[in-house]
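I need the structure of the sequence given here:
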Amino acid sequence: MDEKALSQLLKQVKGGQVSVDDAVGRLKDLPFAELGYATVDTHRSLRFGFPEVVLGGPKTVEQLLGIVGTLVERKQTVLVTRLQQEKAEALLARFPKGEYHPVARIFHIKQGKRKAGRVAVVTAGTSDIPVAEEAALTAEAMGAEVRRVYDVGVAGIHRLLRRREEIQDCHAAVVVAGMEGALPGVVGGLVGIPVVAVPTSVGYGANMQGVSALLTMVNSCASNVAVVNIDNGFGGGFYATLISRTKGRR
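Purely as a prediction, here's the structure:
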């Protein structure tokens, strides 16, 4: 239940269309729903503007069906991340309105209309696209208009310069890079918007599964760059979309 649904319910009680007992029944598990193996935070959409997001990889199919079913019953948007193909197929069989995006490993059921600002999702290379798509699809699920700017890394910086204005026109940017991780600092120096840097584990030995990219990003001299964890496209997309809701002027 989100703020709009709660307001509608209270108006229906006030107008006599819904009884007090019925309203109590709908609200009794508003803070959370106990499933035994999970305590689903059904209140998060109301206080946060977006429902609880489900990390799919470690969960069983039965657990996922129960958690997703709980959110669907309450007409909440469903976003399941890091989901394997076979588990996605089980969810699609039960919830055919859902969509599975194999590159990003995201399962999504849209509920209602959400509105956020514009978010640019930028990658250094094509190999970074799976993490970038996780960010982009998360932002779109939250209502953002996403502009994808892919394969514009520092090895060919002219590719980035050609699209600088497109990034600048957004309210926030998610910049995804592996290898040495230099791209977010470069983007941060070119545009006057918040930049959320996402290091990826793409790279060779000294990349250390993304640690070298992470260290480069946290040491950026561009003061508008903040960093999330390695391969955390979801976190980057989520945070950038929260920023975009303010639609601040630059």
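
Just the buried residues of whichever strand or helix holds V186, please?
Counting by DSSP states H and E, the element that carries V186 is helix 183-190. Counting neighbours by 16 or more other CB atoms under 10 Å, one finds that the buried residues in helix 183-190 are 183-188, 190. Where C-beta positions appear, they are placed from N, C-alpha and C, glycine not excepted.

centroid residue for the chain?
In the chain, the residue lying closest to the centroid (CA atoms, centre = their mean) is T138, at 2.7 Å.

how close does that one get to V20?
Applying CB to CB, to the nearest Å, the value for T138 to V20 is 38 Å.

Could you check what's spatially nearest to T42, not counting adjacent residues?
A33 (5.3 Å; CB to CB, 6 or more residues apart in numbering).

Count the neighbours of that neighbour for me.
Neighbourhood size, A33 [other CB atoms under 10 Å]: 19.

in the sheet, who's paired with it?
Under DSSP bridges, the beta-bridge partners of A33 are V40.

pretty sure it contacts T70?
Yes. A33 is within contact range of T70, at 5.1 Å (criterion: CB atoms under 8 Å).

what do those two both touch?
Common contacts of A33 and T70 (CB atoms under 8 Å, 6 or more residues apart in numbering): 40, 42.

low pLDDT regions in the chain?
For the chain, the stretches with pLDDT under 70 are 1-5, 24-30, 32, 34, 248-250.

Show me the helices in it, by range?
3-14, 20-27, 44-48, 61-73, 85-94, 129-141, 158-161, 164-168, 183-190, 211-218, 233-246 (DSSP state H).

how about CSV for those, with distance to N224 added?
Shown next, in CSV, are the helices of the chain (distance: least, CB to CB, whole Å):
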stretch, distance to N224
helix 3-14, 31
helix 20-27, 42
helix 44-48, 24
helix 61-73, 34
helix 85-94, 36
helix 129-141, 17
helix 158-161, 16
helix 164-168, 12
helix 183-190, 5
helix 211-218, 12
helix 233-246, 11
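
Which residue ranges make up each domain of the chain?
The record assigns the chain these domain ranges, following automatic domain parsing: 3-109, 118-246.

tell me the most buried of these?
Scoring those by mean neighbour count under mean count of other CB atoms under 10 Å gives domain 118-246 as the most buried, with a mean of 22.

Off-centre distance for it?
13 Å (CA atoms, centre = their mean, to the nearest Å).

Start and end of that domain, how far apart?
11 Å (CA to CA, to the nearest Å).

Send me stretch 182-198 as CSV with only the CA atoms.
Extracted C-alpha coordinates of stretch 182-198, given in CSV (Å, rounded to 0.1, in the frame of the first residue of the first chain):
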residue,chain,number,x,y,z
ALA,A,182,38.4,6.1,-14.5
LEU,A,183,35.2,7.0,-16.3
PRO,A,184,33.0,8.3,-13.4
GLY,A,185,35.7,10.9,-12.5
VAL,A,186,35.8,12.0,-16.1
VAL,A,187,32.1,12.3,-16.4
GLY,A,188,31.9,14.1,-13.0
GLY,A,189,34.3,16.7,-14.3
LEU,A,190,32.2,17.2,-17.5
VAL,A,191,28.7,17.5,-16.1
GLY,A,192,27.2,19.5,-13.2
ILE,A,193,24.9,16.7,-11.8
PRO,A,194,25.3,14.0,-9.2
VAL,A,195,27.2,11.0,-10.5
VAL,A,196,26.8,7.6,-8.9
ALA,A,197,29.8,5.4,-9.7
VAL,A,198,29.4,1.6,-10.0
